[in-house]
Each structure stands twice: as C-alpha cells, then as structure tokens.
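[1] Whatever this is, show me its structure:
(2 chains)
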Amino acid sequence: MSIQISCPHCGKRPIEEFTYGEIPRVPDHITDPDARNVDRVFMYTNPAGVQTERWFHLYGCRRWLTVRRDTRDNQMSE
Amino acid sequence: MNEFQEQKINLTWREPKRSYDVVIVGGGGHGLAAAYYLATRHGITNVAVLERNYIGSGNSGRNTTIIRANYGIPESVKFYQRSVDLYQSLEAETDRWIMHKQKGLINIAHNEAGLRTERARAAVNVAFGSKTDFITSAEVKKLCPQIDLSGGGEYPVLGASYHHSGSTARHDRVVWAYAEGAMRRGVDVHQRISVTGMLKEGHKVTGVQTTAGPISAKVVMSAVGGQVTQLADMAGVRLPIRSHPLQAFVTNHYSLSFEPILASPALLFYVSQTARGEMLMGAEIDRQPSYSYGTGHHLLQTTSYRAITLLPFLRDLRILRQWTGVCDMSPDYSPIMGFTGVEGFVITSGWGTWGFKGIPASGEQMAELIATGKIPELIAPFALDRFARDRTMADRGSAGTH
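    Numbering: from 1, shown residues only, chains lettered A, B, ... in the order given. Below is the predicted model of the structure:
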C-alpha cells in the first residue's frame, strides 16, 4: 500500500493524489537581506525528522491541507 | 583479468589515528575516488575516509550504474566526458575488473519538441567533445530490435539521439577498486564510524567529532549522500538540497541479449540489461522529500506500464527486486563541488540521480582542489556560490531520471 494522507474532506487517500508544497523557512541567524533572499529562493532546511508541510489535493477536493510528516519514515501525525 | 582469474581484493583495515591531513566523510564512490586520486595523483596519503556503515552501502549500492555524458549544457558535457574517459581506463589503471561495458545509449524522441531536444543534444555533445549522433527511428529499430516503434500507439518513436559512450559498470566493484587502490597506498578507510559534529576554531573547521572520538584534519571533505544537509549544518553551511527517494527495480532473467541502454525522457523511464540478464528499470524520484528507504507499489505500476509501451516483451517478465536510494536533489539538477565559504570544509554533493556516472571525475577534481587549494577549471561552474551569483547550471532535461 502506498503512503496515505488524511484529507479533512475526503478521508485517507493515497499520496499520488496530492502535490507537495514546501513551507520556506529562513533561519533567524541570517540577517543580511540579500543573503535572506538567496536562502529563501534556493536553500532548504531538509530536516531528517518531523516537519510541517502543505499538500494540495489535486486529484480530489482541490484544497490545501497542512500535514506533519516524519521525513525518515513518512509517518503522518495529527 | 576476468571473473575466473581474479585475485582477492586486498583491503587492509587499521585503527583510526587522532589526526590526518584530509578527512573524507562518506565511504561511497565519491569519497573513495577522492582518496584514491589524492594518493595516486598528488602523493597525499595521510588521509582517512569515514563511513558510518560499510563502504558502498549508501547510494553507491543503490543506483542503476549508468555512465554517460550526453548532457545539454557545455559545462556538464565536458565534466561528464572526463568521467566517461576515466571509467574507460579504470580497469587498466587499477588492474581490477569493474565489469565496464560500453553499450550505447538511445534517448528517444516521441514528438516535435523531443526531436528538437535530441538534435540539440547531439550538436552540443559533439561540440564539447562527446560522441552523440541523431538517428532515425529505422536506426533505432536496428540497434534495438525489441522496440515497438508505434509506442503502443501513444508514444511513437520519431527519432533519437545515440550516445556512443553510454556504458554500465558494476557499482560495488567500482567502490572496491578505489578503496583497494587508496588503501594500498596508505589511506585509512574506517567503517562503522559516524561523524557527530565538527571541531571548530571560530568559523574554521579543524576536524570532526566521531563515535570513535575527535579526529583533527587540515581539510574535511563531505562526500556524503543522503544526509548531507545535516553534516553541512554542523559546519554552518546551508545547502540548496532536498532529499528525495528514488526507486528502481529488476525483472527476472531475460534470455536474449538486450544490447543498448534505452531511455525515454518523455515517458520518464529507462531500461538496461544487467550482466546477469535481468532487465533493470528506473523512473523519476518520489515527489515528497524523505529519507525513507521504503518502496511502493505505485512506482512498479507506472514504470511497468511505461516499459511495456515501448518494449512489449517485458510483459512476460516478472519483477524480482526493488530498492530505494536517497537522492540529494539540487534546484538546477547539477552537482555542487568545491569550497563552501567555511575554511577547512569542502564538499562534493548534490549528486541527485546522477551520482554514479560522476564518481571518477568528481574524485579526481576534488583531489586536485584539496591538493592545490585552487578550483580546477572543470568544476568551477559547479561551485556552491553559483546560486547566490545567479549562475545556475540548469539542465533538468538531461539529468531528469538517471
């Protein structure tokens, strides 16, 4: 079985119905505005652990949802 | 030099010292190749390679072993052609049989845009020293008699680019050849040692903290695949990398010979035959960033469908094994090599889905960079600061799947 995402409108649906949306996070210690722009466009925190992310239910209800997922084993929380 | 006459690979393991000239983190192809070229080309042997598992256990053991240089931008063609050349001479140089086999790679065009892309690819390749021809569908049929030129009616084969130096090699033999060559010249390779932090003086990196205690070094090089973001973070470097799983699989034995490597950028699928006769197939990365080695049914389903569209004989075979690697995807689908802005810390990373073919050139060039302290011309365009300078090396169409 493929990974499933709980959609508040449609229930548990396979991950292939969704598209991934990143929430950009620029660390606070970068203060220079230019450096912040570069970081905002190109750099990723890419955590190995739980992260909050957005998913769009493209082949479903076409709504955005917020998911907390562990990137090490794809376990969804909430 | 064949499988019957071959001598035992001679790896000598030593206890870690407390200090080295160069510490390389990551005992895969890239790390070991850099150590090998440091020892052979520059005489630097006070080098340690740290591997947290066993050598070649990461992406060096999880790829689809394709070697090619048919890229779409000049910088990449030149770089990967260097890699192709080094692979070709690697058996003679190391006296180890890496099962290198030149097969030729067919990149199929299914529509007008595809034809344009493949014509341009052939032109750029020839202009920058690689051998690629544009061929017609009749010539495709001659090179690969099993192909259905109508593409199931959906994906007709209109033409293709034929890359003569497309080849494959046995992945773990490449790793062992480099490891043996480096160890024989005095390089230390340590397995089952993880790096847990960096030793720093101010911003400067002066060594690594490991599960076997601190090890100081003049230069620390990251050749990590997978969790490179975490390692760079210890040194205070932000990377433009997201880790995506990439799955591949093999079928059972196909008793006829399937000579070329066949790829379809439009179908996002490629296939070659392994030395055992298995048909090896791969497709695109999973969309969600993840470090999971989990495999899924969805990929088997979609890739099998694509495969049968072009090669109907595959429907009689059965899937044998499936595996996953974790790819470090850079935003422009090109690798990142060179200095990081932090003194004492250099990096070869962003090897995404194109790491295996880059091993020799990346190792050679990074060794030169460490030995001379200067950026070699061949990898200058792939520096980490290219993103801040707005000089990205965008070539998704060539890197796409493998």
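[2] all contacts plus neighbour counts: C-alpha atoms, from now on.
    Noted.
[3] helices or strands up against the one helix or strand B:Arg173 maps to?
    B:Arg173 is part of helix B:171-184 when elements are defined by DSSP states H and E. Other elements packing on helix B:171-184 under the criterion 3 or more Cα pairs under 8 Å, 6 or more residues apart in numbering or on different chains; DSSP states H and E are helix B:29-42, helix B:74-94.
[4] how far does that helix sit from the chain's center?
    Here helix B:171-184 is found 16 Å from its chain centre; the criterion is Cα atoms, centre = their mean, to the nearest Å.
[5] Pick the most deeply packed of the helices and strands packed on helix B:171-184.
    Among the helices and strands packed on helix B:171-184, helix B:29-42 has the highest mean neighbour count (mean count of other Cα atoms under 10 Å in any protein chain shown), at a mean of 27.
[6] Make TSV out of the helices and strands packed on helix B:171-184 and add distance to chain A.
    TSV is the format used below for the helices and strands packed on helix B:171-184 (distance: least, Cα to the nearest Cα, whole Å):
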stretch	distance to chain A
helix B:29-42	22
helix B:74-94	20
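[7] nearest to B:Ala235, of those?
    Among the helices and strands packed on helix B:171-184, the nearest to B:Ala235 by Cα to Cα is helix B:29-42 (17.9 Å).
[8] rewinding a little: any chance of the helices and strands packed on helix B:171-184 in TSV, plus mean pLDDT and distance to B:Thr196?
    Shown next, in TSV, are the helices and strands packed on helix B:171-184 (pLDDT from 0 to 100; distance: least, Cα to Cα, whole Å):
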stretch	mean pLDDT	distance to B:Thr196
helix B:29-42	98	18
helix B:74-94	96	32
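[9] Of all those helices, which one is nearest A:Glu22?
    Short answer: helix B:74-94, nearest of these by Cα to Cα, at 28.5 Å.
[10] so how far is whatever helix or strand comes next after the closest one off the chain centroid?
    Downstream of helix B:74-94, the next assigned helix or strand under DSSP H and E is strand B:101-102. Chain-centre distance of strand B:101-102: 16 Å, with Cα atoms, centre = their mean.
[11] Relative to strand B:101-102, what are the paired strands and their orientations?
    Next to strand B:101-102 in the sheet, as set by DSSP bridges, lie strand B:167-168 (antiparallel).
[12] Please work out the average pLDDT along the strand it pairs with.
    Per-residue pLDDT over strand B:167-168 has a mean of 96.
[13] Next: stretch B:261-273.
    For stretch B:261-273, mean pLDDT is 92.
[14] what's in contact with that stretch?
    B:103-110, B:114, B:166-167, B:257-260, B:279-284, B:303, B:306-307, B:397, B:400-401 (Cα atoms under 8 Å, 6 or more residues apart in numbering or on different chains).
[15] Quick one: name whatever helix or strand follows the helix holding B:Arg173.
    Tracing the chain past helix B:171-184, the next element assigned as helix or strand by DSSP H and E is strand B:188-190.
[16] by contact count, what packs against that following strand?
    Using 3+ Cα pairs under 8 Å, 6+ apart: strand B:188-190 touches strand B:47-50.
[17] and the strand it packs on, how far out from the chain's middle?
    Relative to its parent chain, strand B:47-50 has a centroid offset of 20 Å by Cα atoms, centre = their mean.
[18] The first helix or strand past that strand going along the chain pairs with which strands, parallel or anti?
    In the C-terminal direction, the helix or strand that comes right after strand B:47-50 (DSSP H and E) is strand B:66-67. Take DSSP bridges as the rule and strand B:66-67 pairs in its sheet with strand B:167-168 (antiparallel).
[19] tell me how far the partner strand is from the chain's mean position?
    Counting by Cα atoms, centre = their mean, strand B:167-168 is centred 12 Å from the centre of its parent chain.
[20] Chain B: helices as residue ranges?
    B:29-42, B:74-94, B:112-127, B:137-143, B:171-184, B:228-235, B:297-310, B:359-372, B:396-399 (DSSP state H).
[21] Strands along chain A, start to end?
    The residue ranges that make up the strands of chain A, judged by DSSP state E, are A:4-7, A:11-14, A:19-21, A:50-56, A:64-70, A:76-77.
[22] Output the ones you listed as CSV; include the columns mean pLDDT, mean neighbour count and distance to B:Gly58.
    Shown next, in CSV, are these (pLDDT from 0 to 100; neighbours: other Cα atoms under 10 Å in any protein chain shown; distance: least, Cα to Cα, whole Å):
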stretch, mean pLDDT, mean neighbour count, distance to B:Gly58
strand A:4-7, 92, 20, 27
strand A:11-14, 92, 13, 28
strand A:19-21, 92, 15, 26
strand A:50-56, 93, 17, 22
strand A:64-70, 93, 17, 20
strand A:76-77, 85, 15, 25
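[23] Tabulate those in TSV, adding columns for distance to chain B.
    Below are the strands of chain A laid out as TSV (distance: least, Cα to the nearest Cα, whole Å):
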stretch	distance to chain B
strand A:4-7	12
strand A:11-14	10
strand A:19-21	6
strand A:50-56	10
strand A:64-70	8
strand A:76-77	12
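[24] mind putting the ones you listed in JSON lines, distance to B:Met99 included?
    Shown next, in JSON lines, are these (distance: least, Cα to Cα, whole Å):
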{"stretch": "strand A:4-7", "distance to B:Met99": "41"}
{"stretch": "strand A:11-14", "distance to B:Met99": "40"}
{"stretch": "strand A:19-21", "distance to B:Met99": "40"}
{"stretch": "strand A:50-56", "distance to B:Met99": "42"}
{"stretch": "strand A:64-70", "distance to B:Met99": "39"}
{"stretch": "strand A:76-77", "distance to B:Met99": "43"}
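[25] Looking at those, which is nearest to B:Lys142?
    Smallest distance to B:Lys142 across those (Cα to Cα): 40.5 Å, for strand A:19-21.
[26] Correct me if wrong: B:Ala399 contacts B:Trp354.
    Yes - the pair B:Ala399 and B:Trp354 qualifies as a contact (Cα atoms under 8 Å) at a distance of 6.6 Å.
[27] Between the two, point out the one with more neighbours.
    A count of neighbours by other Cα atoms under 10 Å in any protein chain shown puts B:Trp354 above the other of B:Ala399 and B:Trp354, at 26 against 18.
[28] what's the closest non-adjacent residue to the closest residue to chain A within chain B?
    Ranking the residues of chain B by distance to chain A (Cα to the nearest Cα) places B:Pro240 first, at 3.9 Å. In this structure, B:Pro240 finds its nearest non-sequential neighbour in A:Met43, 3.9 Å apart by Cα to Cα, 6 or more residues apart in numbering or on different chains.
[29] That neighbour: what's it in contact with?
    B:Arg238, B:Leu239, B:Pro240, B:Ile241.
[30] do you know how far it is from B:Ser330?
    As judged by Cα to Cα, to the nearest Å, A:Met43 and B:Ser330 stand 9 Å apart.
[31] repeat for B:Lys17
    The separation that B:Lys17 has from B:Ser330, given Cα to Cα, amounts to 35 Å.
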